[in-house]
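> predicted coordinates and the sequence they were generated for:
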Amino acid sequence: MTDGSRAATQQSQAVSGLHHITAITRSIQANVDFYVGFLGLRLVKRTAGFEDAAQLHLFYGDAQASPGSLVTFLAWEDGSPGRVGHGAPNEIGLAVSCDAIGFWLTRALQFGIATQGPAQEFGEPVLRLKDPDGIIVKLIGVEDLGAFAGRRWTSEGIPEEYAIVALRSGTILTEKPAQTIAFLTGYFGLEEGPVEGSQTRLTSRSGGVVDVRDATGFWTAAPGTGTIDHIALNAPDMAAVHRAAAAIAATDGSATNAHDRTYFYSLYAREPGGSLIEYATGAPGFMLDEDEHDLGTTLFIPPHWRDREADSRAMLPQFSLPGEPRIRYRDLPFVHRIYMPEAPDDRTLVLLHGSGGNETSLLPFARAVAPQTMLMALRGRATEEGVPRFFRRFSDGTFDQKDIVSEAEAFVEMVGQLRQAYGVDVDKTTFVGQSNGANFLGAVMLLHPGVIRRAVLLRPAPVLNGSPAADTASAQADVLIVAGTSDTYAADAEKLGAILAARSVAVTMERVEAGHDVVAADRGVVARWLAAQA
């Protein structure tokens with residue numbers, strides 16, 4: 001970057017510093033309990049993801065959702081953990097008064113949260129702790145809090161004078177510290193400051209800092225839960241975002257992209273060490289569609305997902321704020337997601353996805369056919385090319401029989417725990433499976449008659465090598481099988497229906513104009529059958 005272009009870029013920035021830090025969590029309820037319940041931050045916005053309508057995105061901040069106070073999380077429920085390493089941020093620093101460190105140490109002990117410190121870093125007292133995903137959160141005592149804008153959010157048990165004020169720091173691990181520092185100071189108005197050990201502090205006029213840590217020889221970062229996705233720096237306006245994008249493209253040739261995120265406009269770029277950096281405006285702000293009193297109370301769907309808003313609302317994980325009624329998830333043999341309507345009836349649908357799906361796949365379908373029914377969606381425990389299934393297969397049409405048997409036993413164990421875990425009445429429960437999930441339910445019914453008394457099988461096929469004899473596998477049950485008229489497995493669906501009917505199962509066979517995928521016509525067929533069963 002030339003001296004002239006550096007000066008022009010820096011001159012365009014009247015404000016600099018942190019805007020927000022975004023990380024990834026595997027349990028949104030535990031995340032809310034920590035950041036709202038323990039740290040006392042305010043939940044200021046809840047949205048569906050801009051790239052993924054089925055991904056929940058929560059924003060925490062101060063009383064006014066001020067830029068520079070925001071910590072945000074993408075929810076990857078029960079997702080694979082990532083790895084901290086160079087090429088990504090690894091710490092979130094929150095500013096408090098110096099007098100507050102003792103209060104937070106005591107509060108952490110009361111909540112059973114392990115701490116490290118206090119210790120001095122760059123002349124400031126720092127108390128380290130970890131959130132439920134293992135992300136390092138630092139409470140940093142700042143002598144002069146006047147540089148931070150916004151207003152503290154007060155919550156139960158945390159006096160205003162000890163409350164978190166704003167973001168103080170984000171830490172980046174890099175194998176190219178000199179290039180990383182040049183990138184951040186050259187394009188985003190940060191200034192190179194003091195050095196402490198392997199760490200260089202980059203300062204800003206607004207009080208937020210970025211610490212660049214030399215991680216040469218450390219392993220590389222890997223994305224996943226328990227990691228920080230990116231650090232966002234504060235841009236004075238949209239024009240500054242475009243100037244930074246042009247300057248980066250002209251000098252570094254790095255790939256950039258700019259997006260309208262409704263509440264701010266931002267640019268994304270990777271610094272030379274690999275960390276993702278966002279450059280975000282403060283306007284129009286988070287009170288664009290909620291006033292200050294109501295911040296964080298409504299779920300918002302980005303405009304480009306409005307055509308599938310109902311599906312998004314069904315697939316996004318539910319959570320409760322501290323003090324609100326909540327679903328307490330139990331440790332069961334299968335990873336699962338529960339969707340609870342506002343006024344549930346006394347019935348339950350247990351959902352088993354097809355190949356290539358996951359526990360969220362059937363939630364929109366089930367919510368449409370039974371809008372007042374509790375939904376419990378399972379994730380298969382076998383994997384194939386990185387996607388979950390309910391049992392392994394060796395090739396198309398050839399299945400691992402031992403795996404089917406063992407997974408069926410685990411499933412039966414789970415069904416036996418449903419009443420104690422969630423108050424589910426199995427007599428009022430319908431099991432709904434698609435493709436691989438439907439095949440698995442059919443196998444369970446044959447291997448363990450009587451466990452499943454009502455089932456909907458969408459595009460199923462028999463998968464057992466030889467069915468149990470009819471005289472040892474008879475149990476009264478009601479089953480709806482829905483086959484696609486152009487599905488290559490339609491004949492297999494009819495074959496499974498005949499096998500079940502020979503074992504005293506009342507089978508209703510329906511056909512819809514479709515292939516192997518579930519279509520809109522399936523909703524009407526299943527809804528009518530469920531209504532008749534009720």
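Perfect, thanks for sending it. Note that the coordinates shown come from a computational prediction; the quantities given were computed from them, not determined experimentally. Numbers count the residues shown, from 1 in each chain.
> per-residue pLDDT, the nearest residue to residue 211 once chain neighbours are set aside?
Leaving aside its sequence neighbours, residue 211 sits nearest to residue 171 (C-beta to C-beta, 6 or more residues apart in numbering; 4.5 Å). For every residue, glycine as well, the C-beta is placed using N, CA and C. The model reports residue 171 with a pLDDT of 98.
> direction included, what does the helix or strand containing residue 171 pair up with?
Under the criterion of DSSP states H and E, residue 171 resides in strand 166-174. Looking at strand 166-174 with DSSP bridges, its partner strands are strand 88-97 (antiparallel), strand 209-214 (parallel).
> deepest of those, which one?
Counting by mean count of other C-beta atoms under 10 Å, strand 209-214 has the highest mean neighbour count of those, with a mean of 24.
> next one: it to chain centre, how far?
Put simply, strand 209-214 sits 27 Å off its chain's centre (C-alpha atoms, centre = their mean, to the nearest Å).
> what does stretch 25-40 give?
A distance of 13 Å separates the centroid of the chain from that of stretch 25-40, by C-alpha atoms, centre = their mean.
> ok, now stretch 247-254?
On C-alpha atoms, centre = their mean, the centre of stretch 247-254 falls 32 Å from that of its chain.
> now stretch 424-441
On C-alpha atoms, centre = their mean, the centre of stretch 424-441 falls 25 Å from the chain's centre.
> then that stretch to PDB, C-alphas only?
Backbone C-alpha positions of stretch 424-441 (Å, rounded to 0.1, in the frame of the first residue of the first chain) are rendered in PDB as follows:
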ATOM      1  CA  VAL A 424     -44.500 -37.600  26.000                       C
ATOM      2  CA  ASP A 425     -47.500 -40.000  25.900                       C
ATOM      3  CA  VAL A 426     -46.300 -42.700  23.400                       C
ATOM      4  CA  ASP A 427     -49.900 -43.700  22.800                       C
ATOM      5  CA  LYS A 428     -50.500 -40.200  21.400                       C
ATOM      6  CA  THR A 429     -47.300 -40.100  19.400                       C
ATOM      7  CA  THR A 430     -46.900 -40.500  15.700                       C
ATOM      8  CA  PHE A 431     -43.500 -41.300  14.200                       C
ATOM      9  CA  VAL A 432     -42.900 -39.700  10.800                       C
ATOM     10  CA  GLY A 433     -40.000 -40.700   8.600                       C
ATOM     11  CA  GLN A 434     -38.800 -39.800   5.100                       C
ATOM     12  CA  SER A 435     -36.700 -42.000   2.900                       C
ATOM     13  CA  ASN A 436     -33.900 -43.400   5.100                       C
ATOM     14  CA  GLY A 437     -35.800 -42.300   8.200                       C
ATOM     15  CA  ALA A 438     -38.900 -44.100   6.900                       C
ATOM     16  CA  ASN A 439     -36.900 -47.200   6.100                       C
ATOM     17  CA  PHE A 440     -35.500 -47.200   9.600                       C
ATOM     18  CA  LEU A 441     -39.000 -46.900  11.200                       C
END
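> show the average pLDDT along it.
Across stretch 424-441, the average pLDDT comes to 97.
> out of the strands paired with strand 166-174, flag the one nearest residue 409.
With C-beta to C-beta as the criterion, residue 409 lies closest to strand 88-97 of the strands paired with strand 166-174, at 40.8 Å.
> all set, thanks.
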